[in-house]
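Asker: Okay, here's the prediction I keep looking at, along with the sequence it came from:
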Amino acid sequence: MDKFELKESVKVPQILIDYKKGKISLIGRSTLNNPEEFYPRILDLFQQYIDNPQESTHVLIDLEYYTEDSSIFIFEIIRMLDSLTKHKKSEVKLFWHFDPDDYGIIGDINRLSSMLVTKIHAIAYELV
């Protein structure tokens, strides 16, 4: 498989895994009632990339909102990608766009930053 792309919906984020180019993105919202029914398949797709990564991996996270239940799986994806850095399998560049007024997401970024080897480049939206 060269690429996996899931279009964004009201409850599911856009997910892109470009296996050939090393480009990954999670954009939108994750407000699924039962994320444990949705995300295991997505984790399998990420594992395929982890098993055969590109030399450089570019990750974009731009999640406007996610539920606590969804965060478990989103954070697992981030930890999986971090394993590429830990084991020197790929140079991971992780960019996370966020609303500067969203203290929940800011807290999540700070917590994850302290647990990961991969640096999170946190980029606040410019509010007008």
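Answerer: Received it, and whenever you're ready, just let me know what you need. Keep in mind that what you see is a predicted model, and the values were worked out from it rather than measured. Residues are numbered from 1 along each chain as shown.

Asker: close enough to count as contact, Leu6 and Gln14?
Answerer: Yes: contact criterion Cβ atoms under 8 Å: Leu6 and Gln14 qualify, at 6.5 Å. Every C-beta, even on glycine, is put in place using the N, C-alpha and C of the backbone.

Asker: Now do the longest strand anywhere in the chain: which elements does it pack against?
Answerer: Longest strand in the chain by number of residues (criterion: DSSP state E): strand 56-66. Contacts defined by 3 or more Cβ pairs under 8 Å, 6 or more residues apart in numbering; DSSP states H and E place strand 56-66 against strand 23-30, helix 68-86, strand 91-98.

Asker: so who does Glu8 touch?
Answerer: Shown in contact with Glu8 (Cβ atoms under 8 Å, 6 or more residues apart in numbering): Gln14, Ile27, Gly28, Arg29.

Asker: Just grab the bridge partners of the third one for me.
Answerer: Per DSSP bridges, the residues bridged to Gly28 are Leu63.

Asker: Could you do Ile15 as well?
Answerer: Under the criterion used (DSSP bridges), Ile15 bridges to Leu6, Leu26.

Asker: didn't Lys3 look like it was pressed against Leu16?
Answerer: Yes: counting by Cβ under 8 Å, Lys3 touches Leu16, with 7.3 Å between them.
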